[in-house]
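Enquirer: only geometry, no sequence info:
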């Protein structure tokens, strides 16, 4: 057992300062969605993501998706990326190599493009859930100015509450296997100075979603 596991085990074994509340049978959804058909969820996600200033493309084939991703690079020739086993786009690795695009070290702050998959896409808000861990470095969605997220239609679910329910069903050990989970809602933005909205201060200036 490593030091991280030892610390977490001690915390979990410590007496709780309060009594656990019983789990409710149902929880209210903050942004209710009536039509949860796959087509409706996809349409809602695209609409909400665009409201958040995301760019969204829906290519007809894997080849089209790869072509669109390569076009986003412009003159950039390096990328920070998740392991390709976690990105649902066959052939992407070979295409990047053929285009002369190098896989950069995750600590390289000069890289302008990052590519990830996603754990889930939330139709209610246009957000994406990303879990980091082995083969899924968080730097890929945080450091570069352009974050390209590749996901499949069946990863689009109703909302964050639905995702939480799925995690509970899988068990806490599955949830804890990720180093961290982040919910990404469009490009980085802040308005805490003079109430002036500034994009890209704490993360990517652009987020491009490929479905």
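Expert: Arrived safely, thanks for sending. None of the values given here were measured: they were computed from a predicted structure.
Enquirer: neighbours around residue 77, how many?
Expert: 15 (other C-beta atoms under 10 Å). C-beta here means a position set from N, CA and C on the backbone, and glycine is covered the same way.
Enquirer: just checking, it touches residue 102?
Expert: Yes: with contact defined as C-beta atoms under 8 Å, residue 77 reaches residue 102; the gap is 6.3 Å.
Enquirer: Heading C-terminal from the strand or helix carrying residue 6, find the next helix or strand.
Expert: Here residue 6, judged by DSSP states H and E, is contained in helix 3-13. Later in the chain than helix 3-13, the nearest helix or strand by DSSP H and E is helix 38-51.
Enquirer: so for that following helix, what's the average pLDDT?
Expert: Throughout helix 38-51, pLDDT has a mean value of 98.
Enquirer: buried ones in it?
Expert: Across helix 38-51, burial judged by 16 or more other C-beta atoms under 10 Å covers 41, 42, 44, 45, 46, 48, 49.
Enquirer: what residues are up against the last one?
Expert: By that I understand residue 49. Residue 49 makes contact with 56, 126, 186, 209 under the criterion C-beta atoms under 8 Å, 6 or more residues apart in numbering.
Enquirer: go on, the second one?
Expert: If you count contacts by C-beta under 8 Å, 6+ apart, residue 42 has them with 123, 153, 156, 211.
Enquirer: Quick one: neighbours of the first one, just the number.
Expert: Neighbourhood size, residue 123 [other C-beta under 10 Å]: 26.
Enquirer: surely it meets residue 48?
Expert: Yes: if you go by C-beta under 8 Å, residue 123 and residue 48 touch, sitting 6.9 Å apart.
Enquirer: May I ask you to confirm that residue 107 belongs to a helix?
Expert: No: assessed with DSSP: H, G, I helix; E, B strand; the rest coil, residue 107 is coil; it does not lie in a helix.
Enquirer: could the buried residues of helix 38-51 go into TSV alongside distance to residue 167?
Expert: Formatted as TSV, the buried residues of helix 38-51 follow (distance: C-beta to C-beta, whole Å):
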residue	distance to residue 167
41	19
42	22
44	22
45	19
46	24
48	22
49	22
